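Structural data only, the sequence is not supplied:
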């Protein structure tokens, strides 16, 4: 994980975007963490990020978990191939 001052990132955003494809870049303002720059090496990485941060998807996952905890579900071994 790399740290960089906001002014440095603003001056050379392209370089930091390339760096963010390999590791997260913590952006600091007045020496304190202010944000994070995350790059994507591929379209799959972009898709995964969107899915992992989609409130509708996360809501469906939580609803499914509640359903399973309540005993409403089908065990994988009980499904047909």
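Structure's in. What do you need? Small disclaimer: the values here were computed from a predicted structure and weren't measured.

Name the nearest residue to the residue nearest to the spatial centre of the chain, ignoring sequence neighbours.
Nearest to the mean C-alpha position of the chain, by CA atoms, centre = their mean, lies residue 49 at 4.2 Å. Of all residues not flanking residue 49 in the chain, residue 40 sits nearest, at 6.7 Å (CB to CB, 6 or more residues apart in numbering). C-betas here are computed from N, CA, C, even on glycine.

in a strand, that's where that neighbour is, yeah?
No - Residue 40 sits outside any strand when classified using DSSP: H, G, I helix; E, B strand; the rest coil, being coil.

That one: neighbouring residues, count only.
Counted with other CB atoms under 10 Å, residues neighbouring residue 40 total 15.

Over to residue 32?
6.

circling back to that earlier point, quick check, the residue nearest to residue 49 in contact with residue 46.
Yes - when contacts are counted by CB atoms under 8 Å, residue 40 is listed as touching residue 46 (4.4 Å).

quick revisit: any idea which element the residue nearest to the centre of the chain lies in?
In this assignment (DSSP states H and E), residue 49 forms part of helix 43-52.

Now do the same contact list for residue 16.
With contact set as CB atoms under 8 Å, 6 or more residues apart in numbering, residue 16 has these partners: 4, 8, 9, 25, 37.

at 10 Å what do you get?
Residue 16 sits next to 2, 4, 8, 9, 10, 25, 27, 37, 39 when contact means CB atoms under 10 Å, 6 or more residues apart in numbering.

and the residue nearest to the centre of the chain, how far is that from residue 55?
Per CB to CB, to the nearest Å, residue 49 is found 14 Å from residue 55.

again with residue 63
Distance of residue 63 to residue 55, computed by CB to CB: 12 Å.

So for the two, which sits in the more crowded spot?
Counted by other CB under 10 Å, residue 63 and residue 55 do not tie: residue 63 has more neighbours, with 10 against 7.

any idea of the mean pLDDT in the helix or strand hosting that one?
Assigned by DSSP H and E, residue 63 belongs to helix 55-69. Averaging pLDDT along helix 55-69 gives 93.

name the helices or strands packed onto that helix?
Judged by 3 or more CB pairs under 10 Å, 6 or more residues apart in numbering; DSSP states H and E, helix 55-69 is in contact with helix 43-52.
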